[in-house]
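> sequence first, then the predicted structure, then my questions.
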Amino acid sequence: MIDHPWDIPPASAVAIQKTLARHVRQRRLTRPVRTVAGVDCAFLAGGREIVTVAVLCDAKTFQVLATASDRRRCTFPYVPGLLSFREAPSVVAALAALPRRPDLVMCDGQGVAHPRGLGMASHVGLLAGVPTIGVAKSRLCGRHGQVGRRRGSRVALRLGSKVVGAVVRTRTGVKPLYVSVGHRITLPEAVAWVLRAAAAVRLPEPTRQAHRLVTELKNRG
């Protein structure tokens, strides 16, 4: 696990990102996955507070086993490309509040598909010491070809000459998702787990449930 200061200028955060990106590992999962967690965040009080929900699911059925949440004041400003410095402390705290450590975590955001190779999923994976996948609804960087319309269709997402993710159709005729390695998993495994967890809907069930619950918390203020 890796830790670092949070109340720092954006320029220092960029330097930390570049350093941490060198520690991200793209490798096959080394243990069976029995539980998968999903996390999602929302902002309150005009962006001055953040609330995060973590949902723990059974890896075979994706039934919800437990939930946990964290709410705190935001200490880092909104800076594009540095969103994990606003969100990651709350995400890690919510994951730690679950009754058991998940074997795999899906984050609503990017992994290595990031200009400096350290999106939310990679940052959280390093901090929490767990395998993570970035599952984003939109592209942050890179280029890709046309994705087929049918579920399971995918194309590579490239940043320069490097493959940093995959654009995956999880439901026929519905907008694709941007899947990337967060930490300690390979891209083919990440894509397979996202498709497995999104059997009938666009979003993987763990992140879909986390989004639903965090939206309820936000609406309650």
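On my side now, so go ahead.

> CA atoms for contacts and neighbours, from now on please.
Fine.

> tell me, how many residues neighbour residue 219?
Around residue 219 there are 10 other residues, counting by other CA atoms under 10 Å.

> repeat for residue 133
By other CA under 10 Å, the residues close to residue 133 number 34.

> and if you look at the one 3 residues further on?
A count of neighbours around residue 136, defined by other CA under 10 Å, yields 22.

> for it, which non-adjacent residue is closest in space?
Ranked by CA to CA, 6 or more residues apart in numbering and with sequence neighbours excluded, the top spatial neighbour of residue 136 is residue 109, at 4.5 Å.

> where does the one you found land in three-state SS?
coil (DSSP: H, G, I helix; E, B strand; the rest coil).

> which ones are touching it?
By CA atoms under 8 Å, 6 or more residues apart in numbering, the contact set of residue 109 is 119-121, 134-137.

> residues contacting residue 146?
So residue 146 contacts residue 155 (CA under 8 Å, 6+ apart).

> so what pairs up with residue 43 in the strands?
Beta-bridge partners for residue 43, by DSSP bridges, are residue 50.

> how deep is it tucked in, by neighbour count?
The number of residues near residue 43, taken as other CA under 10 Å, comes to 20.

> so it makes contact with residue 70?
No. With contact defined as CA atoms under 8 Å, residue 43 does not reach residue 70; the gap is 11.7 Å.

> can you add distance to residue 89 and give the contacts of residue 109 back as a markdown table?
Below are these laid out as a markdown table (distance: CA to CA, whole Å):
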| residue | distance to residue 89 |
| --- | --- |
| 119 | 14 |
| 120 | 11 |
| 121 | 12 |
| 134 | 17 |
| 135 | 19 |
| 136 | 19 |
| 137 | 22 |
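
> out of those residues, which sit inside helices?
Secondary structure defined by DSSP state H assigns 120-121 of those to helices.

> nearest to residue 64 among the contacts of residue 109?
residue 135 (18.8 Å; CA to CA).

> just give the closest residue to the closest one, not the sequence neighbours.
residue 179 (4.8 Å).

> what's across from the one you found in the sheet?
Bridge pairing for residue 179 - DSSP bridges - gives residue 135, residue 166.

> could you pull out the helices in the protein for me?
Under DSSP H, the chain gives helices at 10-21, 84-96, 120-128, 187-197, 205-220.
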